[in-house]
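Peer 1: this is a predicted model, with the sequence first.
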Amino acid sequence: MGYCKEQEQEQEKMMKQVWIHGPIIVGAGPSGLAVAACLSQQGVPSLILEKSDCIASLWQQRTYDRLKFHLPKHFCELPLLGFPDNFPKYPTKHQFISYMESYALHFSIQPNFKQAVQKAEFDNITGLWRVQTQDREYNTRWLIVATGENAESVIPEIVGMEKFNGPIIHTSMYKSGSEFKNQSVLVVGCGNSGMEVSLDLCRYNAIPHMVVRNTVHVLPREMLGMSTFGIAMALLKWFPLKLVDKFLLLVANFTLGKTDQLGLRRPKTGPIELKNVTGKTPVLDVGALSQIRSGKIKVMEGVKEITRNGVKFMDGQEREFDSIILATGYKSNVPSWLKGSDFFTKDGMPKTPFPNGWKGENGLYTVGFTRRGLLGTASDAVRIAQHIAEQWRTNKDCNKSCSSHVILLEKS
Ligand SMILES: Cc1cc2nc3c(=O)[nH]c(=O)nc-3n(C[C@H](O)[C@H](O)[C@H](O)COP(=O)(O)OP(=O)(O)OC[C@H]3O[C@@H](n4cnc5c(N)ncnc54)[C@H](O)[C@@H]3O)c2cc1C
Ligand SMILES: NC(=O)c1ccc[n+]([C@@H]2O[C@H](COP(=O)([O-])OP(=O)(O)OC[C@H]3O[C@@H](n4cnc5c(N)ncnc54)[C@H](OP(=O)(O)O)[C@@H]3O)[C@@H](O)[C@H]2O)c1
């Protein structure tokens, strides 16, 4: 035991220390790329540390094939470089990935891949952030957290899970219904992922049963030929939130009918207010609702227990299933690696709400933790880059005297 500890300490001593002249960005998703681009435009070099082997790993590796934006493209552009003109109103995930690849190329962003940040802590003595990956310690004045609100899958513990004979996967591993043809599938969760995966399963003749344990707001993706999100954003500029919610629900009930009758009870709080208060995203319907209405997607109450061949539900029903898909959402991973900072809640979200959650203490910044998707990312990225650039210019002389932006220091 003691020997292992000594070996560990020795290894730590031997670890290469790297001094990074500009900011370190943790994560090469849309947020990391956006802030790197904005910094580069301000003449500030940065370094991205990314644990996977590609940019936008959530989009490339952990989303289903049929995924499309719910919001019109102009709400999802990253700063400084818009989408190509030939993109449709609601781009596909493949179009978004190709856009991000061009974006990285355009701004010459080259992340250090396969660098999983295991620990980052501010050192009061040096005034620097010490950022450790599996094989390096990076030191910097500015640390930008861009690891995302959806860094890890939420896997609930359900009684009897270990007994189930078939596969249990999270939606982050789901690619297409082609793997579930003609199967009876339980989808646990009715957020946007649960709804869209259930819809995709229908298209492959699978028989999805979707667990709805709570209330949920379902809104049409478009109202009166315009994006629901766009309408909401426009109205919020002029009217109080509660009134906008009332309007959205009025039109939703008119176009979709009362969802309560389908087993999708609406919360008492309106959709935007609920999003602001709890972070719970309303479902924007792209076809699942009509499959629920026709009985192709069956709505089930909460799961009581998983058995060898199926599930017992809260209402006493028992059914057999071939596979279970957990559409149970995602969580931030910040608390697992950012140490000694009380800027984040225990759930890994900034304590200060949008629009002021982008800046912490001692050169700490966060991008993409606004609960506002890519629109929030763009706003954070611009602010962070401006703020760091001001400090960068103030220290111009000092910066000039350093020849390179990355300096390797071997610990003796
Ligand atoms: C299925 C799905 C669909 C979505 N669709 C939309 C949409 O249409 N519009 C919208 O606005 N938003 C959408 N979102 C929200 C989505 O989170 C954002 O669009 C966007 O991906 C957020 O970008 P990000 O860079 O903040 O986080 P991410 O895309 O999650 O990127 C974070 C990066 O950090 C890396 N990372 C994590 N931890 C570490 C670590 N310790 N060390 C190093 N690297 C690390 C990850 O590997 C990842 O590459 C969707 C989310 C999901 C799950
Ligand atoms: N096309 C798109 O733009 C698109 C597509 C998919 C996802 N997204 C976005 O991606 C983010 C994540 O969406 P998501 O749908 O994956 O997650 P989510 O919105 O967090 O929804 C998770 C769902 O799982 C349920 N759940 C969690 N634990 C459960 C349990 N133990 N038993 C039963 N149900 C359980 C939740 O119910 P409770 O409400 O009761 O907790 C909720 O219905 C959102 O921002 C979403 O808008 C976007």
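Peer 2: In hand now; what should we look at? Ligands and ions are numbered 1, 2, ... in the order given.

Peer 1: contacts, neighbours, all on C-alpha from now
Peer 2: OK.

Peer 1: residues from the stretch 151-300 of the chain in reach of ligand 2?
Peer 2: With C-alpha under 6 Å from any ligand atom as the criterion, the stretch 151-300 of the chain meets ligand 2 at residues Pro156, Val188, Gly189, Cys190, Gly191, Asn192, Ser193, Gly194, Arg213, Asn214, Thr281.

Peer 1: what's Leu201 sitting at in phi/psi?
Peer 2: Backbone dihedrals for Leu201, given as degrees, to the nearest 10, come out at phi -60, psi -40.

Peer 1: circling back to that earlier point, buried among the residues of the stretch 151-300 of the chain next to ligand 2? Make that a ChimeraX selection.
Peer 2: Entered in ChimeraX, the line below selects the buried ones among those, by 16 or more other C-alpha atoms under 10 Å:
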select :188,189,190,191,192,193,194,213,281
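
Peer 1: which of the residues of the stretch 151-300 of the chain next to ligand 2 fall in strands?
Peer 2: Here DSSP state E is the test, and those give Val188 as lying in strands.

Peer 1: list just the nearest of the residues of the stretch 151-300 of the chain next to ligand 2 to ligand 1.
Peer 2: Nearest to ligand 1 out of these is Ser193 (C-alpha to the nearest ligand atom; 6.0 Å).

Peer 1: who's in contact with the closest residue to the closest one other than its chain neighbours?
Peer 2: The shortest distance from Ser193 to any non-neighbouring residue, by C-alpha to C-alpha, 6 or more residues apart in numbering, is to Ala327 (5.9 Å). The neighbours of Ala327, taking C-alpha atoms under 8 Å, 6 or more residues apart in numbering as the test, are His170, Thr171, Val187, Val188, Gly189, Cys190, Gly191, Ser193, Gly194.

Peer 1: where does the most centrally placed residue in the chain sit: helix, strand or coil?
Peer 2: Nearest to the geometric centre of the chain sits Asn150, at 3.2 Å (C-alpha atoms, centre = their mean). Under DSSP: H, G, I helix; E, B strand; the rest coil, the three-state class of Asn150 is coil.

Peer 1: Ser332 is in contact with that one, correct?
Peer 2: Yes - Asn150 is within contact range of Ser332, at 5.6 Å (criterion: C-alpha atoms under 8 Å).

Peer 1: count of neighbours near His170?
Peer 2: His170: 19 surrounding residues under other C-alpha atoms under 10 Å.

Peer 1: how close does it sit to Glu196?
Peer 2: 13 Å (C-alpha to C-alpha, to the nearest Å).

Peer 1: which SS state does Tyr90 fall under?
Peer 2: Relying on three-state DSSP, one would call Tyr90 coil.

Peer 1: state the number of residues packed around Asp85.
Peer 2: 7.

Peer 1: and the gap between it and Gln95?
Peer 2: Distance from Asp85 to Gln95, by C-alpha to C-alpha: 12 Å.

Peer 1: phi, psi of Leu186?
Peer 2: Main-chain torsions, Leu186, degrees, to the nearest 10: phi -100, psi 120.

Peer 1: could you verify my assumption that it touches Leu201?
Peer 2: No - look at Leu186 against Leu201 with C-alpha under 8 Å: they stay out of range, at 10.4 Å.

Peer 1: for Arg308, which residues are in contact?
Peer 2: By C-alpha under 8 Å, 6+ apart, Arg308 lies in contact with Lys163, Phe164, Asn165.

Peer 1: list the contacts of the residue nearest to the centre of the chain.
Peer 2: Gly329, Tyr330, Lys331, Ser332.

Peer 1: again with Ala28
Peer 2: Residues near Ala28 by C-alpha under 8 Å, 6+ apart: Ile48, Leu49, Glu50, Cys54, Ile55, Ala56, Ser57, Pro111, Ala146, Thr147.

Peer 1: that's a helix at it, yeah?
Peer 2: No - read with three-state DSSP, Ala28 is coil and lies in no helix.

Peer 1: show me what contacts Pro79?
Peer 2: Ala34, Ala37, Cys38, Ala378, Ala381, Val382.

Peer 1: before we move on, what SS does it have?
Peer 2: At Pro79, secondary structure determined by three-state DSSP is coil.

Peer 1: for the host helix or strand of Ile144, packing partners?
Peer 2: Here Ile144 sits within strand 143-145, counting by DSSP states H and E. Applying 3 or more C-alpha pairs under 8 Å, 6 or more residues apart in numbering; DSSP states H and E, one finds that strand 143-145 contacts strand 24-26, strand 364-366.

Peer 1: now, of the ones you listed, which is deepest in the fold?
Peer 2: Highest mean neighbour count of these: strand 24-26, a mean of 27 (counted as mean count of other C-alpha atoms under 10 Å).

Peer 1: which strands and helices sit next to the helix or strand following that strand?
Peer 2: Where DSSP H and E defines the elements, the next helix or strand beyond strand 24-26 is helix 30-41. Contacts defined by 3+ C-alpha pairs under 8 Å, 6+ apart place helix 30-41 against strand 24-26, strand 47-49, helix 93-106, helix 373-394.

Peer 1: other residues contacting the second one?
Peer 2: Strand 47-49 is contacted from outside by 20, 22-28, 32, 36, 110-117, using C-alpha under 8 Å, 6+ apart.

Peer 1: the longest one now?
Peer 2: Among residues not part of helix 373-394, those counted as contacts by C-alpha under 8 Å, 6+ apart are 30-31, 34-35, 38-39, 42-44, 75-79, 142, 358-359, 365-370, 399.

Peer 1: and ligand 1, which of those residues reach it?
Peer 2: Near ligand 1, taking C-alpha under 6 Å from any ligand atom as the test, the members of these found are Pro30, Ser31, Cys76, Gly368.

Peer 1: ligand 2: which of those residues is nearest?
Peer 2: Cys76 (10.2 Å).

Peer 1: residue contacts, the residue in the stretch 151-300 of the chain that ligand 1 sits nearest to?
Peer 2: Going by C-alpha to the nearest ligand atom, ligand 1 is nearest to Ala151 of the stretch 151-300 of the chain, at 5.1 Å. Listed by C-alpha under 8 Å, 6+ apart, the contact set of Ala151 reads Tyr330, Lys331, Ser332, Asn333.

Peer 1: out of the contacts of Ala327, flag the one nearest to Leu338.
Peer 2: Comparing the contacts of Ala327 against Leu338 with C-alpha to C-alpha places His170 closest, at 25.7 Å.

Peer 1: and Phe87, how far is that from His74?
Peer 2: 11 Å.

Peer 1: and Ile97, by the same measure?
Peer 2: 16 Å.
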